[in-house]
Structure formats: C-alpha cells, structure tokens
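Colleague: Kindly generate the corresponding structure for this input.
(2 chains)
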Amino acid sequence: MAECGAFAFGVVLGWFVYFTNRYRKGDVQFSDLIALLGVIGGAAVTALFGGASGTLFGYYGVGLAVGFFAYFLVLVLMVARSDQFDATWFLDGRRKALPDGWVIPGDVRATTAPMAPQRPGPSAAAPMAFGAPEPVGPSTESPRARLNAARDQTLTALTVAQRELLRRIGLAPTDAERNSLQASLVDITDQLDTLAQLRLKDILESDEVRASLKTLEGITSDLTRTAGEMRQATDVLTKASQLIDRATKAVGVITNLVGGVL
Amino acid sequence: MRRSTPLGMLAACLCAGLAACSPYLYKSEVESFRAGVNDLATAYQSGTKGVAAERAVIQQTQLTPTRTRVALSPGCALPATVSAAPAADNALPCALQPADPAMAPRQSAPRESTSAAPLIHALRDYADALAAITNAQDQEALEAANSKLTGSLAGLANTAKVGLPNEFGAIAGLAFSVGVATLNQRRFDMLKRGVTAANEPVAVLGDAMGQALDTLRKARADGLLLAGTTMAGQINAKMSPDDYTAALTTLQAKTDAIETLRRTNARAAADDMVKAHAALAQALNDDTRQVAAVVTALKTFREKARAVQEAFAS
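Modeller: Next up is the predicted model:
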C-alpha cells in the first residue's frame, strides 16, 4: 500500500512538474533544475517515506516519470485528434490560423511549445492562431502601442498631480509657497498640454485618418459636382416653364383679340 | 364650365402618382446633420480662440502686478512671402512676451501643427455638399414654376378658341412632372451613393474629431484653471471692496466655464454624429424608408453638438 501511495504521489507531482514547466514564464535556466530537484527529491520528500525511504523513493521516482510523460502523452493524443494542430507544434509551436467563428478568450493561460525553448511571438500580420495564448513574458504589443499606453498613463498621472497641486495651493500658508506651487502647476499643465498635443498628432497623422480624409474629399467633390449639374438642370426647367408660361399667356391674349375682331 | 375628360383625369392621376412615388430626399434630416456638424466646427473654432485668449489673460495676470517690461516676439516680423519662409519660421507665433528672455514663458507644443481644422473642414464641406444635393430652394422654385405653368396652360385650354384640347394643360403638367421626378430620383441616387460611401470615412474622422475636441476641451479648461489660480493668488485683504467683488466675479465666471467644460462630452457628440450618419445611410438603403431612427439619432446629435458649441463659446 505504501508503494502505491508513493507511486501515486510521484504521478501527481510528475504531472504537476510538466504543467508548471509548460506554463512557465521567463527563460529556462540551470537554477530552475536545482530548484526542481529540491522540490521533487529534497529532504522534505524523502522525509515523508520514513525508514523505507529507499524502496518508496524508487516507487515515487517511477510515479514521477509516469506522471510527467503521461501529461506529454495526453498532449500528443489531443494534438493527434485535433485538425488545428500537427506534430510541428511540438517543434516550434506552429498551428493553423483560427477558423471563422472561433475565438480564444483573452484569459486563456499562455503556453510554450512542449519542445521549444521559447514560444515564438505572434506575427503582427498573422491572425491569432487557434489555441494561441496571450503573450508570455514581455508584452508583444507594438512599440507605438506601448508608447501610447505609457503616454496615456502619464496623462492620467499628471492630471492627478494637477489636482493635488490645486489642493496644496489652496492650503499654502505663505505667498512664497503659493507662488512656488503655482509655478509647478504651470509646468505640469504645460507638460500635460504637450503630451496631449502629441497624442492628438499621432491620431490626426495616422494612415487611417489620412486615407479617410482623402476618401471623404473625393466623395464631397463628386457630390458638389452633381449638385451643380442638378442646379443647372433645375434652372433650365424653371426657365423653360417660365418661357412656356409667357408664351401661353401671349397666345391666350392673341386668341381672345382675334376672337373679338371676328 | 368645361368638364374633365378621361384623358385629362388620367394625366392628373399620373401626376399625382409621380408625386407619390417620388423618392424621399431627407432634406430636413440632411439639413439637421449639417447644422450639427457646423455646431461642432464652430465649437472647435471658438475653443481654439478661447485657448489663445486664456493664454493672454494668464500673461496679463502674471505681468501686471510686477509691471514687467514687455516686447513683441520675433514671430511678429512676418516673412516677405509665405512660400519664401521656412516652415519652422512660419510656425513662430506673434505674441507679447516679457522683455527679459529669462521670464519668457516656456514654448508649449505648437498647436498649429496638430490642428484638426482640415478634418473639420472636410466634414463640414461634406455636410454642405449633401445639403446642396437635397437643396430645398431649387426644388421649391421648380415646383412653383410647374404649378404656375400648369395653371396657365389649363387656363389657355379653357379660354382659347384655336382648338386646343382640354387636356393640354394636364398633359404638359405631366411632362413637366416626369422631368422633376427624374431629377429627384437622380438626387436620391446620388445622396444614397454618397452617404453610403462616406459612412466609413465619417466614422474614422468623427472619432478623430472627437479626440481633437476633447484635447481642446482639456486645453481650454487648463487655460482657465491657470488664469483662475493666478488671479486667485492676487486676491487679498488689501484690495478695496469693489476690486475684491470684481475679482471674485471674474473668478466665478472662470470656474463656471470650467464646470461647463467638465460636464461637456465632446467625444460623445462626435460619436453621435457618426451614429446619425450611419442611421441616415441605413435609411437610404432601406426600401421601407423608416426615418424614425434617423430623426432620433439626429436629435441626440444636435442636442450634444449644441451643448459642446455653447460650452466652448463660454
């Protein structure tokens, strides 16, 4: 019974070791190995097995291996069954693009490819692949996006600072202190304005805005030209109706005159 | 009195049919959209002027107590021609500044380089072009001329003794109505094509305009804030009661203006402009011609645009 327990304990721990390694964050280092040995073979574990530590540790070790490779085998079976993955996923993490109607929730855990030292970063142009997790480690957002995020955070922080300065200006006991705080307020407000202007500049000079501006100007030009043509057509119709109206009235007068003479 | 013949009645019925089948041109809706866009454009203009005015107020408030010597900035010497001036030189503003360079305020970001004016002009021109397509005045002049002509032709047919058929007036009116209906159909087709094609650019530019207005709102509020705090620092017990009251009134006006800006959501107004345009595009492409959604979206847009315009003008 004790052997079974040690074996089962090893299986659970082996499974968990693979799991931990799969979802690890950061680079693989030798120190990880030492830490792992400490956990799975350290004094805390051997102490569990008491006097029969030699035999039980053997069962434990076998269980550890079984648990570790069982996890891998389950992965192999799932990859074999899935039409979105093939064996190359084990080499470099590649997989098929996400089919229409499939989504990967943002809260899915990040994984590394089982055999790859590092999960390859997603290509900016390629769609998020099926099963692809959130980026591991450092953010894979574009430098511009990171810069924008940092700028937005700074804008928020500066606004908080503005409010704090306003509060302190109100409480300043002397003119000198008040003037000093006022100078800081001017400085912070100026920085805030500069950052806000830069943020706006990025938006206004983006390719999307420029392209939209060009398209809208083209549409406006077409509309204006057509409106001009219609105005001309309307003028022609209006003038024609006025001419016919006058001619009609003249015909009426002449007809009445001729009728009167006859 | 002469009685209507079957042919005359048929012509009259066809005239009525043409009028009934004439496409709905969304004149009032397009006009409302144009008015809203104009409100936002005016808000942008007055906001930009307001920021510059607040800067001048801040400077005056800072310089007046110390009676600092002042000078005109180098930018006040304009280049001989605009094209001859380097771009950077052109961007130099003409302003009043302390004669001592050490006291000169730090140059803030050149607002001109981040101007959203081209974008706002483009949107306003587009709204104007839409209104020109559905121009009510053209239409009314045409209908008035048509009515007058039909009346005189009918009168001639009634009084003439030269053998004009009784239906002459009605048939001439029908021919004219066909011309008007053809024009209206062309107006509608152009409107539908233009609004549908512009839907995506308007969405992108509307969002950018919202961001520009929001940035301007913050800049304007900050200008008022600095002017207010500078002014508040100069209020003290040594002032005469009248001066004190006047200073408080000025200060109160500034806080009121900031509060109005705080309550104003320029981005929401721009978003509503995009929504109203999308509703118009949908209605133009919907054969059932349900205008209720357009009217509701335009009403919301107009209200918010008007609020933004008033807040920026304050």
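Colleague: Quick one: the helices in the stretch 151-262 of chain A, in order.
Modeller: Along the stretch 151-262 of chain A, counting by DSSP state H, counting those that start in this stretch, helices occupy A:175-204, A:207-261.
Colleague: which strands and helices sit next to the last one?
Modeller: Just to be clear, that refers to helix A:207-261. With contacts defined as 3 or more Cβ pairs under 8 Å, 6 or more residues apart in numbering or on different chains; DSSP states H and E, helix A:207-261 has these neighbours: helix B:117-133, helix B:136-159, helix B:168-234. Heads up, the C-betas are built off the backbone N, CA and C, glycines and all.
Colleague: and what of the shortest one?
Modeller: Identification of packing neighbours for helix A:175-204 by 3+ Cβ pairs under 8 Å, 6+ apart yields helix A:143-171, helix B:168-234.
Colleague: right, so of these, which gets closest to A:V253?
Modeller: Ranking the helices and strands packed on helix A:175-204 by distance to A:V253, with Cβ to Cβ as the measure, places helix B:168-234 first at 16.9 Å.
Colleague: going on from the closest one, what's the next piece of helix or strand?
Modeller: Under the assignment DSSP states H and E, the closest C-terminal helix or strand after helix B:168-234 is helix B:241-263.
Colleague: now the stretch 151-262 of chain A, which segments are flagged as low pLDDT?
Modeller: The stretch 151-262 of chain A contains residues with pLDDT under 70 at A:260-262.
Colleague: do the stretch 51-200 of chain B as well
Modeller: Counting by pLDDT under 70, the stretch 51-200 of chain B shows low-confidence ranges at B:82-92, B:101-114, B:136-142, B:149, B:152-173.
Colleague: What about residue 229, how many residues nearby?
Modeller: I'll assume chain A. Neighbour count for A:E229, taken as other Cβ atoms under 10 Å in any protein chain shown: 12.
Colleague: I was after chain B.
Modeller: A count of neighbours around B:T229, defined by other Cβ under 10 Å, yields 23.
Colleague: so it touches A:G170, yeah?
Modeller: No. With contact taken as Cβ atoms under 8 Å, B:T229 and A:G170 are classed as non-touching, separated by 9.2 Å.
Colleague: still on that earlier bit, give me whichever of the helices of the stretch 151-262 of chain A is most buried.
Modeller: Ranked by average neighbour count under the criterion mean count of other Cβ atoms under 10 Å in any protein chain shown, those are headed by helix A:175-204 at a mean of 17.
Colleague: and the angle for it with helix B:117-133?
Modeller: Per axes from the mean of the first three to the mean of the last three Cα atoms, to 10 degrees, the angle that helix A:175-204 makes with helix B:117-133 is 50 degrees.
Colleague: and helix A:175-204, how far from the chain's centre?
Modeller: A distance of 30 Å separates the C-alpha centroid of helix A:175-204 from that of its chain, computed with Cα atoms, centre = their mean, to the nearest Å.
Colleague: Report the contact partners of the closest residue to A:R168 other than its chain neighbours.
Modeller: Distances taken as Cβ to Cβ, 6 or more residues apart in numbering or on different chains put A:L181 closest to A:R168, at 5.4 Å, once the chain neighbours are dropped. Each residue near A:L181 by Cβ atoms under 8 Å, 6 or more residues apart in numbering or on different chains is listed here: A:165, A:168-169, A:172.
Colleague: what's the answer for B:T300, then?
Modeller: With contacts defined as Cβ under 8 Å, 6+ apart, B:T300 is in contact with B:272, B:275-276.
Colleague: I'd say A:L237 and B:A145 touch.
Modeller: Yes. Here A:L237 reaches B:A145: they are 7.3 Å apart, a contact under Cβ under 8 Å.
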